[in-house]
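K.L.:
Quick one, what's the 3D model for this:
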Amino acid sequence: MKAIEHARFGRLETGTVRDTDVVWRSTLQLGDGEVEALLWAGPSSEPDAGELDELAARLTDLPALDAAARAALRAYLREDRYFIDFHVEELAGGETVGRLVREAAGDEVGADAFVAAMRLNGVGLWLSDPSDRPPIVLDYVVEPDLSDQILAVGATRHGAVTSVDWES
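P.N.:
The predicted structure is shown next:
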């Protein structure tokens with residue numbers, strides 16, 4: 001049985017995992033909001049104390065990871081504003097998007113304002129994943145009650161942002 005005891009994650013057992021599954025979950029505070037964090041493992045995952053320590057450090061310093069992710073989101077949306085335009089066209093009646101449109105006062109909703117309005121909806125941590133998936137994925141949303149569109153920011157175990165992907 002693959003198992004390890006960790007100070008942040010407690011006892012993790014991945015030996016019974018037949019498919020990729022959540023082996024730990026928690027609710028974290030970020031500013032005045034809460035964010036769900038999930039630790040995923042697959043059948044071939046073998047928890048390593050060093051890997052777990054690095055992932056735990058990112059959760060401990062979630063504000064810094066969030067700041068790096070938001071910087072990447074701003075750069076992404078300045079380069080390609082289709083995600084913003086999609087939300088403005090589809091959700092102009094929503095509270096957040098409506099406010100952004102009003103504040104833009106006839107101009108385009110800017111990337112800075114849009115990213116500031118986005119909410120970190122979840123943090124996914126991936127143990128020893130042999131795929132190309134980054135080990136940390138932060139999901140950002142606008143108007144989550146009205147839209148299932150997500151900008152997923154991938155990061156290394158050290159917190160370096162590697163990707164921004166539009167998902168739904």
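K.L.:
For residue 16, see how far away the residue nearest the centre of the chain is.
P.N.:
For the chain, the residue nearest the mean C-alpha position is residue 138 (1.0 Å; C-alpha atoms, centre = their mean). Shown here: residue 138 relative to residue 16, a distance of 28 Å by C-beta to C-beta, to the nearest Å. Where C-beta positions appear, they are placed from N, C-alpha and C, glycine not excepted.
K.L.:
Which stretches in the chain count as strands?
P.N.:
3-6, 10-13, 21-30, 33-41, 119-126, 136-141, 150-155, 161-167 (DSSP state E).
K.L.:
Now mean pLDDT and distance to residue 113 too, for those, in JSON lines please.
P.N.:
Listed next are the strands of the chain as JSON lines, based on pLDDT from 0 to 100; distance: least, C-beta to C-beta, whole Å:
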{"stretch": "strand 3-6", "mean pLDDT": "88", "distance to residue 113": "39"}
{"stretch": "strand 10-13", "mean pLDDT": "88", "distance to residue 113": "40"}
{"stretch": "strand 21-30", "mean pLDDT": "94", "distance to residue 113": "19"}
{"stretch": "strand 33-41", "mean pLDDT": "94", "distance to residue 113": "18"}
{"stretch": "strand 119-126", "mean pLDDT": "96", "distance to residue 113": "14"}
{"stretch": "strand 136-141", "mean pLDDT": "97", "distance to residue 113": "14"}
{"stretch": "strand 150-155", "mean pLDDT": "97", "distance to residue 113": "15"}
{"stretch": "strand 161-167", "mean pLDDT": "97", "distance to residue 113": "18"}
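K.L.:
Go through these and name the closest to residue 53.
P.N.:
Nearest to residue 53, of all the strands of the chain, is strand 3-6, at 7.9 Å by C-beta to C-beta.
K.L.:
The residue nearest to the centre of the chain: what's its closest spatial neighbour, skipping adjacent residues?
P.N.:
Spatially, and ignoring its direct neighbours in sequence, residue 138 is nearest to residue 153 (4.6 Å; C-beta to C-beta, 6 or more residues apart in numbering).
K.L.:
I appreciate the help and will end here.
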